[in-house]
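1. Return a 3D structure for these sequence lines:
(2 chains)
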There are 2 protein chains.
Amino acid sequence: MNFADRMQEAVTRCGNAALVGLDPHADSLPEEFAAVRAPGATRAERARACADFLCQVIELAAGAVPAVKPQSAFFELYGAEGSLAWERVVAASRAAGLLVIGDVKRGDIDSTAKAYARAFLDPALAGESVCDAITVNPYLGADAVQPFVEACRAYDAGLFVLVRTSNKHSALFQDHGTPKLYEHVARAVDSWGSELIGASGLSSIGAVVGATHPSELAALRKLLPRTPFLIPGYGAQGAGVAEIAGGFLPGGRGALVNSSRGILFAYKQPRHAGLHWKDATRKALAEMVAELRTLTH
Amino acid sequence: MNFADRMQEAVTRCGNAALVGLDPHADSLPEEFAAVRAPGATRAERARACADFLCQVIELAAGAVPAVKPQSAFFELYGAEGSLAWERVVAASRAAGLLVIGDVKRGDIDSTAKAYARAFLDPALAGESVCDAITVNPYLGADAVQPFVEACRAYDAGLFVLVRTSNKHSALFQDHGTPKLYEHVARAVDSWGSELIGASGLSSIGAVVGATHPSELAALRKLLPRTPFLIPGYGAQGAGVAEIAGGFLPGGRGALVNSSRGILFAYKQPRHAGLHWKDATRKALAEMVAELRTLTH
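-> This next block holds a predicted model:
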């Protein structure tokens, strides 16, 4: 089944479009995983603490949400040990029935792009760490994205191409020109995805569109009726359900909404004071699921 | 010593600005490293074959050229084993006195960008695989590049921000708008680098500008008099010394010119037929060094 259909099936099964970002910030891991920041800890110990923590988060998320999004940067910090931790987290997520969106934001020319695509999407090469989809940076152009699109066709995988990111100053380059650069990228994403439309009517080539720009989000939704959106910016980054609603297709289809810190480090929020981190995360997950359920019906 | 000064010192010492790209394409490795493509080979065997090959290339390049540029994608293909191979190649390069430009093209928001920067540039975290500089993708905007700039300040490291890439269809987004997007990015690179100017008069924040667009290269050189250029596209990608000359500052300063396949896989060129791969690579290196020496005086 192609990625778009697997994604839509998972959203329908769970009744919500929540995507849990797995960003194991060393400074924020609960005290029982403090090895990650202990002065004398080895890279292996630090990486293991991250994976131990995330595997427990995955247990809490399994069955409740359709997908997780491990963030490569926090694993790369630990070199080869981080790579082993990444493999363990991806394998645990898949074993738990969660779709895995590898947040790697890769992008490079021809044969290099092909190598990245295979590293994350080719079951024969990626092995236990094969992702269902990855994030990709479009700056280099169509010929640089094409190898990733070909990999999606070959391995039934998906992409989320950066279109409008959720950071404060994303407009600096993304709003450049008339039409704006991000609109130009958006049209290219639609075109790249036109041959990978699944039974759901959605393409396996998606777009990253931040919830921190609600009007652009709604406009892009109209422009891209077949493109799955990965929507960051919900929760800790400030956007609520009102801001993300415009990113969905009728019936709450075609989008995944990411929260990372808001779920992983819920225990640090004043309103969760006194709760064990797992109870805080469980509560934050339940709240996100309930809120997003109002969009998916 | 800051990165710009180390780079300029290495170019002066070697008398040329050649940068050898370490892109271990499995299909192209010489027969004695055929384990990389053997049907039953493990990831460890494949990764080891890549690193074995590159370590021999590094021996040939040591003393002759100022720098090497390992390409992360070809290591990521082999997961944790690839990460170990990357560490071995980076450590061997540094031990051989070569500057290491990690071609990773990373880019992400705030704390994630910080994690990437530390993964490749922080000696305490990257350990044996710490790079002198890395390539960075600017699509997300200034706040996404800033953590990398801060890392350069903290660790005396360098960046090469993608401005105008060497691939065939790089114009699709990079030429968008008026002024063109890449000119807008170029001005931002100049501004980001303004506080990291070394004794050489160059900044540690550089730009990637492809040799396949000679007129843009020369125009950008005028626009960015303090910015080191990493110039891909020489050799196998088609550009010769005439195309790259415009990328240099007076006296042949301020640029590194990359060749990957043209050096690594010189043995596959008809004109080197019958030579052992090492002799072909030695010859291709000597030719590149002689050609680039005419620019650096």
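2. do you know how far A:Val130 is from A:Leu84?
-> Using C-beta to C-beta, to the nearest Å, one obtains 15 Å as the distance from A:Val130 to A:Leu84. Heads up, the C-betas are built off the backbone N, CA and C, glycines and all.
3. what do you get for A:Ile197?
-> Distance from A:Ile197 to A:Leu84, by C-beta to C-beta: 37 Å.
4. what about the two, which has more around it?
-> Legend: neighbour count by other C-beta atoms under 10 Å in any protein chain shown for A:Ile197 and A:Leu84, higher for A:Leu84 (21 against 16).
5. would you say the more buried one is within a helix?
-> Yes - counting by DSSP: H, G, I helix; E, B strand; the rest coil, one finds A:Leu84 located in a helix.
6. list the contacts for it?
-> A:47, B:79-80 (C-beta atoms under 8 Å, 6 or more residues apart in numbering or on different chains).
7. Out of the residues you listed, who's the most crowded?
-> Neighbour count (other C-beta under 10 Å) singles out A:Ala47 as the most crowded of these, with 28 neighbours.
8. and the gap between it and B:Ala124?
-> A:Ala47 sits 15 Å away from B:Ala124, taking C-beta to C-beta as the criterion.
9. Could you do A:Glu243 as well?
-> 39 Å.
10. neighbour-wise, which of these two wins?
-> The neighbour comparison of A:Glu243 against B:Ala124 (other C-beta under 10 Å) goes to A:Glu243, with 20 against 8.
11. Give me the mean pLDDT for the strand or helix carrying A:Glu291.
-> A:Glu291 belongs to helix A:277-293 when assigned by DSSP states H and E. For helix A:277-293, the mean pLDDT works out to 97.
12. How about stretch A:236-244?
-> Throughout stretch A:236-244, pLDDT has a mean value of 83.
13. now do stretch A:112-127
-> Here stretch A:112-127 scores 95 as its mean pLDDT.
14. Quick one: residues in contact with it.
-> A:87, A:102, A:104, A:106-108, A:129-131, A:134, A:144-148, A:150-152, A:154-155, A:157, B:23, B:43, B:71, B:73-74, B:76-79, B:82.
15. and what of stretch A:21-35?
-> Here stretch A:21-35 has contacts from A:36-37, A:41, A:45-46, A:48-50, A:52-54, A:57-58, A:68-71, A:74-75, A:77, A:89, A:93, A:103, A:232, A:258-261, A:263-265, A:267-268, A:277, B:111-112, using C-beta under 8 Å, 6+ apart.
16. among those, which are in strands?
-> By the criterion of DSSP state E, membership of those in strands covers A:68-70, A:103, A:258-259.
17. can I assume A:Leu285 is in contact with A:Val65?
-> Yes - with contact defined as C-beta atoms under 8 Å, A:Leu285 counts as touching A:Val65 (7.1 Å).
18. Counting neighbours, go ahead and name the busier of the two.
-> Taking other C-beta under 10 Å, A:Leu285 and A:Val65 do not tie; A:Val65 has more neighbours (27 against 21).
19. coming back round to it: among the contacts of stretch A:21-35, which ones are buried?
-> Among the contacts of stretch A:21-35, those classed as buried by 16 or more other C-beta atoms under 10 Å in any protein chain shown are A:36, A:41, A:46, A:48-50, A:52-54, A:57-58, A:68-71, A:74-75, A:77, A:89, A:93, A:103, A:232, A:258-261, A:263-265, A:267, A:277, B:111-112.
20. How many neighbouring residues does the residue in the stretch 51-200 of chain A positioned nearest to chain B have?
-> Closest contact between the stretch 51-200 of chain A and chain B, by C-beta to the nearest C-beta, is at A:Gly177 (2.5 Å). Neighbour count of A:Gly177, defined by other C-beta under 10 Å: 20.
21. wait, what's in contact with it?
-> A:Gly177 makes contact with A:184, B:176-178, B:181, according to C-beta under 8 Å, 6+ apart.
22. top of these by neighbour count?
-> Going by other C-beta under 10 Å, B:Leu181 tops those with 25 neighbours.
23. pretty sure that one is touching B:Leu172, no?
-> No - judged on C-beta under 8 Å, B:Leu181 makes no contact with B:Leu172 at a distance of 10.1 Å.
24. if I pick A:Ala178, what's in contact with it?
-> Actually, residue A:178 is Thr rather than Ala. B:Gly177.
25. Just want the phi and psi numbers for it.
-> Main-chain dihedrals, A:Thr178, degrees, to the nearest 10: phi -130, psi 120.
26. From B:Arg153, how far off is it?
-> Here the criterion is C-beta to C-beta. By it, A:Thr178 lies 36 Å from B:Arg153.
27. before we move on, the earlier item: can you give me how far the helix holding A:Glu291 is from the chain middle?
-> Centroid separation for helix A:277-293 versus its chain: 18 Å, with C-alpha atoms, centre = their mean, to the nearest Å.
28. Before I go, just wanted to say thanks for your time.
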